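Engineer: My questions are about this predicted structure, shown below with the sequence.
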Amino acid sequence: MRNPTYRRWLTGTGISLLGDQFYVVALPWLVLQTLGSPALLGSVMMAGALPRAMLLLFGGVATDRISARKIIFGSALIRAVCVSVTAVLVSTDGLQPITLYALVIVFGVVDAFALPAQSALLPTLLRNDQLVSGNAISQSVSQVAAIVGPIPAGLALAHLGTDVALYIDAVSFLAILVILRRMPDPPRAATGTKLGHTLRDGLAYVIGDRALLGMIAMAGLINLCAAGPLLVGMAEIAKYRLGSPTAYGSLVSAAALGGLGGTLFAVPLGKLRRGSVVLCAAGLLALCLAGIGLSPARMVVLVPVFALIGGIAGVVNIQIGAWAMQRAPGPLRGRVSSVLILVTLGVMPVSMAIAGFLSERGESFLFVVSGVVLLISTICIAAASPIRNVS
């Protein structure tokens, strides 16, 4: 925090993330109001997810060839313009369904370039030994914004209107735009190389580094076994075993608060062997998942377990993300980051589909199977891969 450049970055991203909560709250309301169908809400979200997944690797290449700072600046500017135009259309009753689809598609394309750029920028602001702490602080700001932001966003939506909520999000982008103008540019890859070769070089580097490939695969495995059960199973437990939407909100909040605690707790754990921390966290997460399926559905049991799960996820995200950026050479950080993000995000739809299939036999069966699979896989990886020796 003594680093003024990092402090400015943290301030700008914090303001922007708070503004994003107004968009997050307003978008589903707009979709339901304009399209009139909850089923179509899923199609709108998918319209944004597809270009993000398809272009993530190219976003990593662009980050290394152009500039992480310039890409983040351009993405923030595009978002501000898109949200402003949408707000104007809402206020003039000119919003059409095609506009919403175009909005989320543009956001999906922008995310594909902005996500790896954000990961690649942080190592240029901090020393290598500060990345775990810096990443933890940045993630904490993001989680606090996700906890605090929806409340004023909902009030603005209810009392001031959807257009005002969108205008607030658009204005919040000014903070990050002002900050980025004074940021340094990170190292770039050679621009004379063809795009396909640049992408191939990034993939070859990840595949050739067994420890890096193993850590990225571990992140994908954890998401595959945990994301679907948590997103699908948590709602089913709240509805069919607890019978209360309030209970569902409490479980979500417990996981979010646990994630914040895990993010901060990841800093002192950075002094231990990184690989051992990740493997132990995966094993503990597996036991938590199986325990949910075997334990009685009582809030006094479920709240601390979901908080612990959130904490484990926070630790794993910080440890793997920071280590990958420490491991990768500066000109390759964007591509390595894009592979990591693609693996972790790409398995989520698969995890949700599997969770939906397994939950047909009951949410208890879903959690037990997920926990057992994750535990067995973690033990096999610990025995056969170099992850446990990662320092």
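Structural biologist: Sure thing, it's come through.

Engineer: and residue 4, what does it touch?
Structural biologist: When contacts are counted by Cβ atoms under 8 Å, 6 or more residues apart in numbering, residue 4 touches no other residue. No exception for glycine: its C-beta is placed from N, CA and C like everyone else's.

Engineer: what's whichever strand or helix holds residue 356 packed up against?
Structural biologist: Using DSSP states H and E, residue 356 maps to helix 333-358. If you count contacts as 3 or more Cβ pairs under 8 Å, 6 or more residues apart in numbering; DSSP states H and E, helix 333-358 packs onto helix 38-65, helix 97-125, helix 195-208, helix 210-228, helix 299-327, helix 363-384.

Engineer: how big is the angle separating that helix from helix 299-327?
Structural biologist: 150 degrees (axes from the mean of the first three to the mean of the last three Cα atoms, to 10 degrees).

Engineer: what is the orientation angle of helix 333-358 with helix 38-65?
Structural biologist: 160 degrees.

Engineer: Can you mark which positions in helix 333-358 are buried?
Structural biologist: For helix 333-358, the neighbour count (16 or more other Cβ atoms under 10 Å) marks 333-348, 351-352, 354-355, 358 as buried.

Engineer: Turn the helices and strands packed on helix 333-358 into CSV, columns for mean pLDDT.
Structural biologist: What follows is these, written out as CSV (pLDDT from 0 to 100):
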stretch, mean pLDDT
helix 38-65, 75
helix 97-125, 86
helix 195-208, 73
helix 210-228, 85
helix 299-327, 84
helix 363-384, 88
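
Engineer: Tell me how far the helix holding residue 356 lies from the chain's centre.
Structural biologist: Computed by Cα atoms, centre = their mean, to the nearest Å, the separation of helix 333-358 from the middle of its chain amounts to 10 Å.

Engineer: Now do that helix, average pLDDT.
Structural biologist: What helix 333-358 shows for mean pLDDT is 79.

Engineer: Could you check the angle the helix or strand residue 175 falls within makes with helix 97-125?
Structural biologist: Per DSSP H and E, residue 175 falls inside helix 162-180. Going by the same axes, to 10 degrees, helix 162-180 is angled at 30 degrees with respect to helix 97-125.

Engineer: as a whole number, average confidence for helix 162-180?
Structural biologist: Helix 162-180 shows a mean pLDDT of 90.

Engineer: ok, and what's touching that helix?
Structural biologist: Residues outside helix 162-180 that contact it (Cβ under 8 Å, 6+ apart): 8-9, 11-13, 15-16, 18-20, 22-23, 25-26, 29-30, 33, 69, 72-73, 76-77, 79-80, 83-84, 86-88, 90-91, 153, 156-157.

Engineer: quick one: the longest helix belonging to the chain to helix 162-180, angle?
Structural biologist: Looking across the chain with DSSP state H, the single longest helix is helix 4-35. Using the same axes, to 10 degrees, one finds that helix 4-35 and helix 162-180 are set 160 degrees apart in direction.

Engineer: tell me the mean pLDDT for helix 4-35?
Structural biologist: Throughout helix 4-35, pLDDT has a mean value of 83.

Engineer: Mind listing what's buried along it?
Structural biologist: 6, 8-10, 12-23, 25-27, 30-31, 34-35.

Engineer: Same check on stretch 169-187?
Structural biologist: 169, 170, 172, 173, 174, 175, 176, 177, 179, 180, 183, 186.

Engineer: hmm, back to that, so can I have CSV of the helices and strands packed on helix 333-358 showing distance to residue 293 and mean neighbour count?
Structural biologist: CSV is the format used below for these (distance: least, Cβ to Cβ, whole Å; neighbours: other Cβ atoms under 10 Å):
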stretch, distance to residue 293, mean neighbour count
helix 38-65, 27, 19
helix 97-125, 33, 21
helix 195-208, 34, 15
helix 210-228, 13, 21
helix 299-327, 11, 21
helix 363-384, 3, 18
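
Engineer: Out of those, which gets nearest to residue 287?
Structural biologist: helix 363-384 (6.6 Å; Cβ to Cβ).

Engineer: which residues are in contact with that closest one?
Structural biologist: Contacts for helix 363-384 (Cβ under 8 Å, 6+ apart): 214, 217-218, 221-222, 225-226, 228-229, 232-233, 236-237, 240-241, 279, 282-283, 285-294, 355, 358-359, 387-388.

Engineer: Find me whatever residue is spatially closest to residue 234, sequence neighbours aside.
Structural biologist: Distance criterion Cβ to Cβ, 6 or more residues apart in numbering; nearest residue to residue 234, sequence neighbours excluded, is residue 251 at 5.5 Å.

Engineer: returning to what we had before: adding distance to residue 370 as columns, could you present the buried residues of stretch 169-187 in JSON lines?
Structural biologist: Shown next, in JSON lines, are the buried residues of stretch 169-187 (distance: Cβ to Cβ, whole Å):
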{"residue": "169", "distance to residue 370": "35"}
{"residue": "170", "distance to residue 370": "40"}
{"residue": "172", "distance to residue 370": "37"}
{"residue": "173", "distance to residue 370": "38"}
{"residue": "174", "distance to residue 370": "43"}
{"residue": "175", "distance to residue 370": "40"}
{"residue": "176", "distance to residue 370": "37"}
{"residue": "177", "distance to residue 370": "42"}
{"residue": "179", "distance to residue 370": "41"}
{"residue": "180", "distance to residue 370": "40"}
{"residue": "183", "distance to residue 370": "41"}
{"residue": "186", "distance to residue 370": "38"}
